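In: no FASTA, just this:
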């Protein structure tokens, strides 16, 4: 662990989240005093005597820090409020920074699409229409990059793979939950890459950057997913064995890949689309004319005679949007390779990461 | 039209009741009351109701819903019960089993119907799991495991969740999860519960934010063996949100949150079953609970006597 002597004042925005709490712990172990900046009723999650706690509403221009680490992002409320939530985060981060200061902004691989279906490179991404979460994350990168250009600050954008590990609400938890209750956890015949990173490694890397990073003006991109090439099936099979259950897989015909913002928009507009109105009037039929619908109700031999062909095979019910989004990530075929600074190695290896998750799952005490 | 009086106008009223009570024509909120005048006025505006004194509300309303912090429930329920009136008390019901018995007896004596709000009883997977246990698919229940945890974001106006001894994670989140487990296992109908072999670990005195316990519950019909419980609730840490009911011939696993699926496992293997009912969002289940109670259509699941056992467990564990 690097020496803390070179570090001045540090603020962590979004400190009450999963990564934030692990980062506070890691910084504490390194003997680095930080100020945890939180929103809402999250005080409970960052209780502790070592770090200071500052509520976002208390941030003023006089509370400026040498280094700000931003982990905050819009994660609740209606999707259309994400842009407004982003504005509040930008304002809080900017108020916390000293002129010409340093910012480490934590982003995500999802800027290349939830299913990682756009080309990956450690460079700025272009704005695209996508899921609200993805758009918000891209917007944040653009905002801080523009700020960097304008005032010449030192900006490190760290894009994280899928953050899993001990008590990970984003990945360990849903995998366990889906295994326990038999919701689909993968797609038949698709071996998706996990593109994962252990939360302890994320905290270690951010801490390393904070303490040892050069802090020179400029924009640098980092990609962190030390377990990028590990397939999801590796984690899932071990969890399933522990829980003594068999994973459930969705049929490929149930999936619409990739999930995009278009589906989200369509959902929001469903109530006002003429076709939706027609469907409602026509008794919730999904497609086709009344005549065609009646045709399918005829006795099978008569139907075949009239149509000249057999009925199409039965199709499984489409998955819910939540399942579609989850499974699209589970089906990623592209690898989100780590691109990190020299001199840092992840302290938690693949087996140790699995061991920690199993320990959490067993709730041993 | 049933006129409803809302006692307490805090976060749950603004977040849940405001979105679910106005959607029916059979009942409407006519009166609201809160010791915090601003909250009362805000709720009155939401429901187009009259902000009034507690006494006036109790005098005029056909049905009363109590949504105040748990330490105030006993007095308010006793004040609200009246012949023929439905009184719905939000969870956690009472802070002691003795108080729970007192209000249940008082309501029966007054010929008032007293209910407790535990809307997870309407979740599709919960009802399916309960039916499977009732049908004897896993045999006699022997053990129950459960956990639920995550970042705590509920903003109670009164702040009781971080101040009141009955506001910690056991009483707040745990009462939901425990109640679901008792309901599924049919143990909410046990007339008397007794706890033994209790082991508790928690982060601090109540209100605690991380609570683990192991114990056994005795009671039920003659011949019923003690049921072993293991639980963990947390406001710090994400935990699997699940309940496992283990019987002599198999086990049933279900999510603690709204879902449709239940996993039934026996020595031969496991199968995933899905309930027919599906709801688009959790508030539909909240509304369903209100409808069942206020229109007396399936209200039996929420009758107050079924929550005395739960209160016994909560009280015993929090004092352990």
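Out: Nice, thanks for sending it over. A quick note: this is a predicted structure, and the numbers were derived from the prediction, not measured. Residues are numbered from 1 along each chain as shown, chains lettered A, B, ... in the order given.
In: The residue nearest to residue A:12 when sequence neighbours are not counted is in what secondary structure piece?
Out: Sequence neighbours aside, residue A:69 is the residue nearest to residue A:12 in space, at 4.8 Å (criterion: Cβ to Cβ, 6 or more residues apart in numbering or on different chains). C-beta: built from backbone N, CA, C; applies to glycine. Here residue A:69 sits within strand A:65-70, counting by DSSP states H and E.
In: same question for that strand, mean pLDDT?
Out: Strand A:65-70 shows a mean pLDDT of 94 in the predicted model.
In: Surely residue B:6 is within a helix?
Out: No - assigned with DSSP: H, G, I helix; E, B strand; the rest coil, residue B:6 falls outside any helix and is strand.
In: I'd say it and residue B:28 touch.
Out: No - checked against Cβ atoms under 8 Å, the pair residue B:6 and residue B:28 is beyond contact range at 10.9 Å.
In: picking that back up, adjacent strands (with direction) for the strand holding residue A:69?
Out: Its sheet considered, strand A:65-70 pairs with strand A:10-13 (parallel), strand A:97-108 (parallel) by DSSP bridges.
In: Kindly reformat those as TSV containing distance to residue B:57.
Out: Output for the strands paired with strand A:65-70, formatted as TSV (distance: least, Cβ to Cβ, whole Å):
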stretch	distance to residue B:57
strand A:10-13	44
strand A:97-108	50
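In: Of those strands, flag the one that's most buried.
Out: strand A:10-13 (a mean of 27; mean count of other Cβ atoms under 10 Å in any protein chain shown).
In: The residue nearest to residue A:12 contacts residue A:10, correct?
Out: Yes - Residue A:69 is within contact range of residue A:10, at 6.8 Å (criterion: Cβ under 8 Å).
In: residue contacts, residue 77?
Out: Let's take chain A. residue A:85 (Cβ atoms under 8 Å, 6 or more residues apart in numbering or on different chains).
In: wrong one, I was asking about chain B
Out: B:66, B:87, B:89, B:103, B:106, B:107, B:114.
In: which ones among those residues are found in strands?
Out: Using DSSP state E, the members of these that fall in strands are B:66, B:87, B:89, B:114.
In: Would you point out the most distant pair within those residues?
Out: B:66 and B:114 (10.1 Å; Cβ to Cβ).
In: Next one: the residue of the stretch 101-250 of chain B found nearest chain A from residue A:77, what distance?
Out: In the stretch 101-250 of chain B, the residue found nearest to chain A is residue B:238; the distance is 3.4 Å by Cβ to the nearest Cβ. Residue B:238 sits 20 Å away from residue A:77, taking Cβ to Cβ, to the nearest Å as the criterion.
In: Could you pull up the mean pLDDT of the next helix or strand after the strand holding residue A:69?
Out: Later in the chain than strand A:65-70, the nearest helix or strand by DSSP H and E is helix A:82-96. For helix A:82-96, the mean pLDDT works out to 89.
In: Quick check: neighbours shared by residue A:69 and residue A:10?
Out: The contact sets of residue A:69 and residue A:10 overlap at residue A:210 (Cβ under 8 Å, 6+ apart).
In: which residue ranges form the strands in the chain?
Out: In the absence of a named chain, chain A is used. Using DSSP E, strands in chain A cover A:10-13, A:35-38, A:52-55, A:65-70, A:97-108, A:154-160, A:162-164, A:184-187, A:196-198, A:218-224, A:248-250.
In: nope, chain B please
Out: B:2-7, B:27-33, B:50-51, B:63-66, B:86-90, B:113-117, B:141-149, B:193-202, B:210-219, B:227-234, B:239-247, B:251-255, B:261-266, B:269-274.
In: low pLDDT regions in the chain?
Out: Unless you meant another one, I'm taking chain A. A:1-7, A:40-62, A:214, A:255-301, A:303-317, A:364-365 (pLDDT under 70).
In: other chain: chain B
Out: Those would be B:153-158, if you go by pLDDT under 70 across chain B.
In: got the residue ranges for the helices in it?
Out: B:11-12, B:18-20, B:37-47, B:54-60, B:73-80, B:97-109, B:124-134, B:160-163, B:169, B:175-185, B:282-294, B:308-319 (DSSP state H).
In: What of chain A?
Out: Under DSSP H, chain A gives helices at A:18-29, A:82-96, A:132-151, A:172-181, A:199-212, A:232-243, A:261-269, A:274-281, A:290-295, A:300-307, A:321-330, A:350-362.
In: For the fourth one, buried residues please.
Out: It stands for helix A:172-181. A:172, A:173, A:174, A:175, A:176, A:177, A:178, A:179, A:180, A:181 (16 or more other Cβ atoms under 10 Å in any protein chain shown).
In: I'd like to know which of the strands paired with strand A:65-70 lies nearest to residue B:206.
Out: strand A:10-13 (30.1 Å).
In: Beta-bridge partners for the nearest residue to residue A:250 once chain neighbours are set aside, please?
Out: Counting by Cβ to Cβ, 6+ apart, residue A:250 lies nearest to residue A:184, which is 3.9 Å off, once chain neighbours are set aside. Residue A:184 has these beta-bridge partners by DSSP bridges: residue A:248.
In: who's in contact with residue A:184?
Out: Residues near residue A:184 by Cβ under 8 Å, 6+ apart: A:178, A:248, A:249, A:250, A:254, A:319, A:323, A:327.
In: now these in TSV, with distance to residue B:38?
Out: As requested, the contacts of residue A:184 are arranged in TSV below (distance: Cβ to Cβ, whole Å):
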residue	distance to residue B:38
A:178	43
A:248	50
A:249	53
A:250	49
A:254	50
A:319	45
A:323	42
A:327	46
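In: Most neighbours among these, which one is it?
Out: residue A:327 (26 neighbours; other Cβ atoms under 10 Å in any protein chain shown).
In: thought residue A:164 was touching residue A:235?
Out: Yes - using Cβ under 8 Å, residue A:164 is in contact with residue A:235, at 7.2 Å.
In: shared neighbours of the two, anything?
Out: Common neighbours of residue A:164 and residue A:235 (criterion: Cβ under 8 Å, 6+ apart): A:194, A:196, A:357.
In: closest to chain B among these?
Out: residue A:357 (11.2 Å).
In: Count the neighbours of residue B:237 for me.
Out: Neighbourhood size, residue B:237 [other Cβ under 10 Å]: 21.
In: Against residue A:199, how distant is it?
Out: In terms of Cβ to Cβ, residue B:237 sits 12 Å off from residue A:199.
In: now residue B:204
Out: 25 Å.
In: Between the two, which is the more surrounded one?
Out: residue A:199 (26 against 10).
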